[in-house]
Every structure is written in structure tokens, then in C-alpha cells.
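[1] fold the following, please.
(one chain, ligands or ions: 1)
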Amino acid sequence: MTRAAGTLRGVEPTVTDIEVDRQRAVTLTFDDGLVAVFPLAELRALCPCATCRGWRDRGEEPWPRPGTSPELSILDAELVGAWGISFTWSDGHATGIYPWDGLRRWFEARPSG
Ligand SMILES: [Zn+2]
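    Take a look at the predicted model:
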């Protein structure tokens, strides 16, 4: 088994298993065996939709917004084709689609890795 440094270019990661703990975290198992855990708060703050990107572009956290509840859970999760997943959050937000490759890159780049 070979391990390449960083993400292999041109290879779309595939997820073979998805575990959604609606109160805590989403766990993805990639087809090369990598298991990535995404705590809900980090996943919510990572939302790739245009609205949340706008907040980040202004140097602000897309979540939690001032005056909103810091409590967070997933009401629903839905696969998007073969390339990603979308969530309906307890704060009503549901527009972000998280592609597998983006999640994987983010997981590999985070300091606690
Ligand atoms: Zn968003």
C-alpha cells in the first residue's frame, strides 16, 4: 500500500460509508480507507454555499451568527449525486452542498489532522 503526500491530482475521492450522528459529527470513510470525522460546528462553519462564503469573504464566521443559538444539530442529510452531501441544519440552513473532495481536502489541511 502506497501513501502519497497530499491529495492525488485528478482522482476524485469516493466515500464508501457515511455515518451521521445528528447531534455530534459526520463520519466519512473514503475508498482508500481514510476515516474522517467532521464535528457539526466545524462542518456548519465550513458551509460552501454562496451566503456563507460571503460571510467568510468579509472575515466573519458564517456560524454561529450573533443572536442565533449556538446549539446545532442535523435534521436531515441527503446525498447529492455521487460527489457530495447536503444537510438540513437545525438553524434552518440547507443550501450548502459539501463535495467529497472539498471535505477531504479540508480534513487533510486541518491542524489537528
Ligand atoms: Zn451556507
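
[2] and whichever helix in the chain runs longest, what does it pack onto?
    Looking across the chain with DSSP state H, the single longest helix is helix 100-109. The elements that helix 100-109 packs onto, with contact taken as 3 or more CB pairs under 8 Å, 6 or more residues apart in numbering; DSSP states H and E, are strand 25-30, strand 35-39, strand 84-89. (Each C-beta comes from the backbone N, C-alpha and C, glycine too.)

[3] now render these as JSON lines, adding mean pLDDT and mean neighbour count.
    What follows is the helices and strands packed on helix 100-109, written out as JSON lines (pLDDT from 0 to 100; neighbours: other CB atoms under 10 Å):
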{"stretch": "strand 25-30", "mean pLDDT": "98", "mean neighbour count": "18"}
{"stretch": "strand 35-39", "mean pLDDT": "97", "mean neighbour count": "15"}
{"stretch": "strand 84-89", "mean pLDDT": "97", "mean neighbour count": "19"}
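
[4] got CSV for the ones you listed, with distance to Ile18 too?
    Formatted as CSV, those follow (distance: least, CB to CB, whole Å):
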stretch, distance to Ile18
strand 25-30, 6
strand 35-39, 11
strand 84-89, 7
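
[5] which element, helix or strand, includes the spatially most central residue of the chain?
    In the chain, the residue lying closest to the centroid (CA atoms, centre = their mean) is Leu43, at 4.5 Å. Element membership of Leu43, judged by DSSP states H and E, is helix 40-45.

[6] hmm, who's touching the helix or strand just after that helix?
    Toward the C-terminus, helix 40-45 is succeeded by helix 50-57 as the next helix or strand (DSSP H and E). Helix 50-57 is contacted by residues 45, 61-63, 65, 95-96 when judged by CB atoms under 8 Å, 6 or more residues apart in numbering.

[7] could you export helix 50-57 as PDB, CA atoms only?
    Provided in PDB are the C-alpha atoms of helix 50-57 (Å, rounded to 0.1, in the frame of the first residue of the first chain):
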ATOM      1  CA  ALA A  50     -22.800  31.500  -1.500                       C
ATOM      2  CA  THR A  51     -24.200  33.100   1.600                       C
ATOM      3  CA  CYS A  52     -21.600  31.500   3.900                       C
ATOM      4  CA  ARG A  53     -18.800  32.200   1.500                       C
ATOM      5  CA  GLY A  54     -19.900  35.800   1.600                       C
ATOM      6  CA  TRP A  55     -19.500  35.900   5.400                       C
ATOM      7  CA  ARG A  56     -16.100  34.300   5.200                       C
ATOM      8  CA  ASP A  57     -15.000  36.800   2.500                       C
END
